[in-house]
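Peer 1: pasted the sequence and its predicted model underneath.
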2 protein chains.
Amino acid sequence: MEDKKTPITSQQIKEILNLHDKTERLKKLFADVHHHDIFILCKELEPVEIAQIIATLGRPKGIELFEEFEINQQRDIFRNFSKEWMADILEEMAPDERVDFIKALPHERTEEILPLVARAERNDIKKLIQYKEGTAGSILTTDYAFLPPDITAKEGLEKLKLQAFDRETIYYIYIIDIERKLLGFVSLKNILLAKSDSLIKNIMNATVISVNAKEDVEVVAKKLSDYDFLAIPVVDNDNKLLGIVTVDDVVDVVIEEDTEDIYRYGAAGEHIDYMNSGPFSIARQRILWLLLLVAVGFLSGWVMEKYAFQLQAVVALVFFIPVLLGSGGNAGTQSSTVIIRGMATGEIKMKDLLKVFKKEFFTGLLVGVIMGFFATARALIMQRNPLLGVVVGMTMVITVMLATILGALLPLLFKKLKLDPALMSAPFITSILDVVVIFLYLQIAIFLFKL
Amino acid sequence: MEDKKTPITSQQIKEILNLHDKTERLKKLFADVHHHDIFILCKELEPVEIAQIIATLGRPKGIELFEEFEINQQRDIFRNFSKEWMADILEEMAPDERVDFIKALPHERTEEILPLVARAERNDIKKLIQYKEGTAGSILTTDYAFLPPDITAKEGLEKLKLQAFDRETIYYIYIIDIERKLLGFVSLKNILLAKSDSLIKNIMNATVISVNAKEDVEVVAKKLSDYDFLAIPVVDNDNKLLGIVTVDDVVDVVIEEDTEDIYRYGAAGEHIDYMNSGPFSIARQRILWLLLLVAVGFLSGWVMEKYAFQLQAVVALVFFIPVLLGSGGNAGTQSSTVIIRGMATGEIKMKDLLKVFKKEFFTGLLVGVIMGFFATARALIMQRNPLLGVVVGMTMVITVMLATILGALLPLLFKKLKLDPALMSAPFITSILDVVVIFLYLQIAIFLFKL
């Protein structure tokens, strides 16, 4: 569907790079190819070869290709450029991507090249570099289209044509005063449809939805999606326009944020490039959590050691430990899944704490009683021991209720206490519950069996 | 930042709805307010009141407001409209939202109203209603801008102005022949910047990235994000243009798909409106999985029953069951988290199966040996029993390796076998591992202790 010509291969590119007339040949080869498809072809090439392709493609296509790479790869490719091309690249990159890249460059390198970069871009870099990762400021672009309020639609359209070449989007135009304060916005569609002598300020929408530069990217994503915008303006505390965040950047951010949340919840460490990482790097991401949880597991063992005598007296107690621990872990995983995801998407808020408690209390009671019934039945049928049935059933009800409530409330409480929510993984909740459940189970057993 | 006027309250709206001149008052009140903000105000109103507001706002704002509601709420509001307004609503809604809504309406109602809907919209509904949920076809809109190839940029711009009013986006224009076959696309920016007598076919981009109507929405989202498009054309098997999917619809879809994946992984059932659901509905979502896992837990108990004699002979074996089960569950959760998320984002593909196996084999070995060391040390220190140390250490190494490998491979194998991937939850993997680990542990113990 996408391309009816014979596909280009990496081998073919390598061969062309050895030819005398590589510049013309490459330009011709890639004339109609989207930079993302060139990027995919580059995966099997060396950084020095990629640098040649980028320099050959020139601007804007070479720059767009460069922006496709991850920062480590960008650094490797960058080394192979001439100093002039390095400065060109920095001038032409999208402002948000540029800042991320500069942060990753060695300090000496930056010192060396920045003076070669035009003053406007240099100032832009200085301004954007101060925003923290994960805020609107860190993903904004300063390449937005803007107009003053007091010109006509026709004059506006002419001005826009001049801006169009290097703007990320010209489909929303922001109306600002001399101090860059945000007055309103107008869509290109509305300028096109307006009478040519209408004043911009009369066709603009004066109620602008904007975000502060310090706002979290998830909140920005939520707003863009709620209002169905293609871009949202980012302002400082004085409502001065700093830039815009476009929806295509937000899609990437949402996917990456969700990946981080999921990794955290699975106690799987940081998200690293899995397919290109060796077992040592992968193991390093996982081992810390595992060891911590082993320590918690030892605690469960220690509790059992204290009750060695009772366990030996009624060994049947042991048979129900896996199902009790498993049920606690599973019920806790369920409720924490719902709450953690709900907090991430804004479905559940801090102020809902009490409501959540009530919901989970009754849910836990309902589910716990049903499961307790089956656990008791199992004990009666297999062990023909009514007292054991009561112990197992009671523990099951309490376990499931406790797990359901704790799984839901711990994430909310951790957030309230401003503790690192990264601690709230399913394995963590499960392991903590293990200790509590074993203790409860044996206490109940001692009490009822009079051990 | 967003609105400097005193905020509107739901109470205020309720009062206005009782007044004689409500129409004018409401129109004035909401003149500058985005439909999403009106939607938020409506949360405390009754369906009949919301219906009045929608009818008052008229088109397009009333329709946009109506589209904000979830389908159940839409149904409740819809009941309060006159038949003519019902038909109007159906004519004016975005084609993708309209189809979802019609699917949810009672059959008699649809029969009654559809004849009142204009023929073009009726045909559109018939066409879209056949696509399965979760495919590109189910979220496409037919309100795209299009042009023939043989006219000039100036003529094209004039034609676009006529289309602009009811198109979802006019920023990408699709070039089609008389048979609606997709020939290329051009951005509004490029038409604006082109010489007015250039032919569209000479300024259009002839290499179009498109998706088939049957493609999964996740794939569509990935493509939109990879190519940084605002919209992507959807074609049938003959490359005829059916419609477009816009990026703002995709953000919602990505968030909802990720929520579903996360719920599935946490064995938390279907995603329901948590804050508005009672304990019975919540419990219903969760109980089935819990009971299934209880059954698996009973299996672990049954295995232990078979070894009751050995457990009683060396009761210290029991103390290490929680840490062994926990470690297996945690290692399996980690690797399955990485693989399941990697499959969802396209980072890991079916063809990587062997590579994944190798990675996880060595990762499991590394991590398992470290954890086995600590487990052995714990047994030696606390129980002063070298044989027990060996049993526990060996079981730990095997458990962690097995868990790491199974956690990674089961999701891939399930996909390969076209089994329901919804089975692959962290609690499920953990529960299955419980049974296997207990069996292995006791077998190793019997062998080494010669029980």
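Peer 2: Cool, got the structure.

Peer 1: A:Ala313 and A:Leu451 touch, don't they?
Peer 2: Yes - when contacts are counted by C-beta atoms under 8 Å, A:Ala313 is listed as touching A:Leu451 (6.0 Å). (Glycine included, C-beta is placed from N, CA and C.)

Peer 1: paired strands for the top strand by length along chain A, with orientation please.
Peer 2: If you go by DSSP state E, chain A has its longest strand at strand A:169-176. Strand A:169-176 has the following strand partners under DSSP bridges: strand A:144-147 (parallel), strand A:182-187 (antiparallel).

Peer 1: contact partners of the shortest one?
Peer 2: Meaning strand A:144-147. Strand A:144-147 has contacts (C-beta atoms under 8 Å, 6 or more residues apart in numbering or on different chains) with A:156, A:159-160, A:163-164, A:167-170, A:172-176, A:186, A:200, A:231, A:233, A:241, A:243-244.

Peer 1: show me which of these are buried.
Peer 2: Under a neighbour-count criterion of 16 or more other C-beta atoms under 10 Å in any protein chain shown, the subset of the contacts of strand A:144-147 counted as buried comprises A:156, A:159-160, A:164, A:167-170, A:172-176, A:186, A:200, A:231, A:233, A:241, A:243-244.

Peer 1: look up how far chain B lies from the residue nearest to the spatial centre of chain A.
Peer 2: With distances taken as C-alpha atoms, centre = their mean, chain A has A:Glu257 as the residue nearest its mean C-alpha position (1.0 Å). As defined by C-beta to the nearest C-beta, to the nearest Å, A:Glu257 lies at a distance of 10 Å from chain B.

Peer 1: count of residues packed around A:Ile381?
Peer 2: For A:Ile381, the count of nearby residues is 9 (other C-beta atoms under 10 Å in any protein chain shown).

Peer 1: if you could redo that for A:Asp249, that was the one I meant.
Peer 2: 24.

Peer 1: what helix or strand does it sit in?
Peer 2: Here A:Asp249 sits within helix A:247-265, counting by DSSP states H and E.

Peer 1: show me what counts as buried in that helix.
Peer 2: A:247-251, A:253-255, A:257-259, A:261-265.

Peer 1: from the residues you listed, which single one is nearest A:His34?
Peer 2: Distance to A:His34, by C-beta to C-beta, is smallest for A:Asp248 among those, at 13.9 Å.

Peer 1: quick one: secondary structure of the residue lying closest to the closest one once chain neighbours are set aside?
Peer 2: Residue nearest to A:Asp248 in three dimensions, not counting chain neighbours: B:Asp228, with 4.6 Å by C-beta to C-beta, 6 or more residues apart in numbering or on different chains. Secondary structure, DSSP: H, G, I helix; E, B strand; the rest coil: B:Asp228 is coil.

Peer 1: repeat that for A:Lys28.
Peer 2: helix.

Peer 1: for chain B, see how far away it is.
Peer 2: Summarising the geometry, the distance separating A:Lys28 from chain B, computed by C-beta to the nearest C-beta, is 14 Å.

Peer 1: what do you get for A:Phe361?
Peer 2: 8 Å.

Peer 1: and the helix or strand that residue falls within, what other elements does it pack with?
Peer 2: Using DSSP H and E, the secondary-structure element containing A:Phe361 is helix A:353-383. Judged by 3 or more C-beta pairs under 8 Å, 6 or more residues apart in numbering or on different chains; DSSP states H and E, the packing partners of helix A:353-383 are helix A:316-319, helix A:321-345, helix A:386-416, helix B:279-306.

Peer 1: give me that answer again for 6 Å
Peer 2: Here helix A:353-383 is seen to pack against helix A:386-416, helix B:279-306 when contacts are counted using 3 or more C-beta pairs under 6 Å, 6 or more residues apart in numbering or on different chains; DSSP states H and E.

Peer 1: of those helices, which is nearest B:Ile13?
Peer 2: For the helices and strands packed on helix A:353-383, distance to B:Ile13 was read as C-beta to C-beta. The smallest value, 29.8 Å, belongs to helix B:279-306.

Peer 1: if we can go back for a sec, quick one: average pLDDT of the helix holding A:Asp249?
Peer 2: Taken as a whole, helix A:247-265 carries a mean pLDDT of 82.

Peer 1: tell me how many other residues crowd the spatially closest residue to A:Phe428 that is not a sequence neighbour.
Peer 2: When the adjacent residues along the chain are set aside, A:Phe428 lies closest to A:Ala267, with 6.5 Å between them (C-beta to C-beta, 6+ apart). A:Ala267 has 28 neighbouring residues, counting by other C-beta under 10 Å.

Peer 1: and A:Ala267, which of the three is it?
Peer 2: Under the three-state scheme (three-state DSSP), A:Ala267 adopts coil.

Peer 1: now do the same contact list for it.
Peer 2: For A:Ala267, the residues meeting the contact criterion (C-beta atoms under 6 Å, 6 or more residues apart in numbering or on different chains) are A:289, A:425, A:427, B:334.

Peer 1: pop the domain breakdown of chain A in here.
Peer 2: Described in terms of automatic domain parsing, the domain architecture of chain A consists of the residue ranges A:10-133, A:139-247, A:274-449.

Peer 1: can I get the CA coordinates of stretch A:332-344 in PDB?
Peer 2: The C-alpha trace of stretch A:332-344 is given here as PDB (Å, rounded to 0.1, in the frame of the first residue of the first chain):
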ATOM      1  CA  GLY A 332      -4.100  -6.600  46.500                       C
ATOM      2  CA  THR A 333      -2.900  -6.500  42.900                       C
ATOM      3  CA  GLN A 334      -6.400  -6.100  41.600                       C
ATOM      4  CA  SER A 335      -7.300  -3.100  43.700                       C
ATOM      5  CA  SER A 336      -3.900  -1.400  43.400                       C
ATOM      6  CA  THR A 337      -4.100  -1.800  39.700                       C
ATOM      7  CA  VAL A 338      -7.400   0.000  39.500                       C
ATOM      8  CA  ILE A 339      -6.300   2.800  41.900                       C
ATOM      9  CA  ILE A 340      -2.800   3.400  40.400                       C
ATOM     10  CA  ARG A 341      -4.100   3.500  36.900                       C
ATOM     11  CA  GLY A 342      -7.000   5.700  38.000                       C
ATOM     12  CA  MET A 343      -4.600   8.200  39.600                       C
ATOM     13  CA  ALA A 344      -2.500   8.300  36.400                       C
END
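
Peer 1: hmm, back to that, what's the most buried one of the helices and strands packed on helix A:353-383?
Peer 2: helix A:386-416 (a mean of 22; mean count of other C-beta atoms under 10 Å in any protein chain shown).

Peer 1: what residues are up against A:Gly389?
Peer 2: With contacts taken as C-beta under 6 Å, 6+ apart, A:Gly389 has the following neighbours: A:376, A:379-380.

Peer 1: could those residues go into a markdown table alongside pLDDT and neighbour count?
Peer 2: Formatted as a markdown table, the contacts of A:Gly389 follow (pLDDT from 0 to 100; neighbours: other C-beta atoms under 10 Å in any protein chain shown):
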| residue | pLDDT | neighbour count |
| --- | --- | --- |
| A:Thr376 | 94 | 20 |
| A:Ala379 | 91 | 25 |
| A:Leu380 | 91 | 16 |
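
Peer 1: and the residues you listed, which is closest to chain B?
Peer 2: Of all these, chain B sits closest to A:Ala379, with 9.3 Å by C-beta to the nearest C-beta.

Peer 1: roughly how far apart are that closest one and A:Leu230?
Peer 2: Taking C-beta to C-beta, to the nearest Å as the measure, A:Ala379 falls 61 Å from A:Leu230.
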